[in-house]
Every structure is written in structure tokens, then in C-alpha cells.
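# give the three-dimensional model of this entry:
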Amino acid sequence: MQTFSVQKKAFRAAFPHTIPILAGFWFLGLTYGIYMNVSGFRFWYPMLMSVTIFAGSMEFVTVSLLLGGFHPLQAFLMTLMINARHLFYGISMLDKYRGLGWKTFYLIFGMCDESFSINYTADIPDDVDRGWFMFFVTLLNHFYWFSGAALGGVFGSLIHFDTEGLDFVMTAMFVVIFLDQWRKEKNHLSALAGIGISLLCLILFGADDFIVPAMIGILGVLTLLRKPLEPAITSSVKGGFEK
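As a prediction, this is how the structure comes out:
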């Protein structure tokens, strides 16, 4: 009974922090579910993928990977590069996740940009269990994405409309994320490095093969620039969450 009381208090403390994520995840999840459906996949595909993958940008990319030829190495490298930022997230959360028992495994699996921002910066009350707070933040955000993708998959099979250009939502999403980060950051070195390396790889490798080399190059440059960029990244994360 005491454990339930602890969980209940942590849930109540965590839920308000995730409300802004709810609207965004539902919209993107719905779009993803519909996109999967119009791409020829049954409604249970986005449901299953949103539970097991839980990487929004990679889930959009997975649609084209599933529709294309079988290139496991390319799929692995692309997945690694797209989600490589979580390597840095994970390092910064080592102390916060230490000693949380079985919850640690789910916190690692379910860590997305939004959950990281909340769990890293939230001022958790002293009477709220830290582990359960972070667990419920991660679980709620995961549920928001899953429910949006599930609804999109179901509605996509029931509602018929012109979906031309719907796949552009992924490009639009990345543009919005980039502009939002540009607005929050005082140091634009990482953004300019990403643009410059991408353009260089586009020229060298062409439109069909530039993504993986570009991501490898960006990861390498950002790794070298990690120390001078770290204060700016921490500041932008905290600033973005406070807003």
C-alpha cells in the first residue's frame, strides 16, 4: 500500500511536466500512423513500431527502409547516426539513473529528447521518489507517442483523402526542430557544422548516398568539439524546458 502511495505521488508530480509533450506527440504520432497506412502497411505496424522502436524520426525513416531494398548495414548505420545524440544524453544521465533497479532499463530504452529534457532539468520535490518520477515521465511520453501512432494507423484505414505530400511531414519536422534549436542556442557552431558537412557530402556523394557519410562526419566533428559545445548545449536544454 505504501508503494502505491509513492507511485501515485510521483505520477501526479510527473504528469503536469508532460502535458506540453502530449499535443506534439499526438499530432506527430497521428501523422506517422496515417503515413504508414497510406504507404501500404496495416494499422498494427505503427502500433508495434511505436512500442518497440520509440524513436520518432527513425520511425519515419523506417518506412522508406521497409519499402526499399534489403540493406541491413545501411539501416544500422543510419539508425546509429540519427540517434547518436542519445550517446551524449546517456552519459549526462548516468548519475541520475544509478541505483534505480529495474526502472533503469526502461529509462534507458524510453529516453527521448523530451523525456531527457524533463528528467534532466525538473526540480523534483523532496517528498517525491526520484526514480518513479522519471519512470512516469518516460512512460507517459511513450504512451502519448504510441496512442497517437495507433490512432493514426486506425483512422488512416477508415478515412480516405488525398495524402499527396504527407510524407513531407518528416522533412518539415526536422526543419522545425532545427529552427527551434537555432533560436534557443547562443552558439550556432554545431548547426553550421551540420549544414556545412551535409552540403559537402551532398556534393561528393550525391543525393542518394550522402546521408550516412554526412551523419558520420557530423558525429565526428561534434565529438571533437564536445568540450567547447557542452556548456551551450546544457544552457539551451534548460532554457528550452523553462520556456
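# all helices for the protein, in order.
2-38, 44-52, 56-67, 72-82, 85-92, 94-97, 103-109, 113-121, 130-158, 169-184, 189-205, 211-224, 226-242 (DSSP state H).
# which one of the ones you listed is the most hemmed in?
helix 130-158 (a mean of 21; mean count of other C-beta atoms under 10 Å). C-beta: built from backbone N, CA, C; applies to glycine.
# elements contacting it?
Helix 130-158 is packed against helix 2-38, helix 44-52, helix 94-97, helix 103-109, helix 113-121, with contacts defined by 3 or more C-beta pairs under 8 Å, 6 or more residues apart in numbering; DSSP states H and E.
# for it, what is the distance to the chain centroid?
Averaging C-alpha positions (C-alpha atoms, centre = their mean, to the nearest Å) puts helix 130-158 12 Å from its chain's average.
# ok, back up a step: now mean pLDDT too, for the helices of the chain, in CSV please.
As requested, the helices of the chain are exported to CSV (pLDDT from 0 to 100):
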stretch, mean pLDDT
helix 2-38, 86
helix 44-52, 90
helix 56-67, 83
helix 72-82, 80
helix 85-92, 77
helix 94-97, 87
helix 103-109, 93
helix 113-121, 84
helix 130-158, 91
helix 169-184, 66
helix 189-205, 87
helix 211-224, 78
helix 226-242, 56
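# and the helices and strands packed on helix 130-158: which comes nearest residue 64?
Of all the helices and strands packed on helix 130-158, it is helix 2-38 that lies closest to residue 64, at 10.5 Å by C-beta to C-beta.
# counting by contacts, list what the closest one packs against.
Right, helix 2-38 is packed against helix 44-52, helix 56-67, helix 113-121, helix 130-158, helix 169-184 by 3+ C-beta pairs under 8 Å, 6+ apart.
# counting by contacts, list what the first one packs against.
So the one you mean is helix 44-52. Secondary-structure packing of helix 44-52 (3+ C-beta pairs under 8 Å, 6+ apart): helix 2-38, helix 56-67, helix 130-158.
# if we can go back for a sec, with distance to residue 218 added, can I get the helices and strands packed on helix 2-38 in TSV?
Formatted as TSV, the helices and strands packed on helix 2-38 follow (distance: least, C-beta to C-beta, whole Å):
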stretch	distance to residue 218
helix 44-52	25
helix 56-67	14
helix 113-121	17
helix 130-158	25
helix 169-184	13
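# out of the ones you listed, nearest to residue 38?
Residue 38 lies closest, by C-beta to C-beta, to one member of those: helix 130-158, at 6.2 Å.
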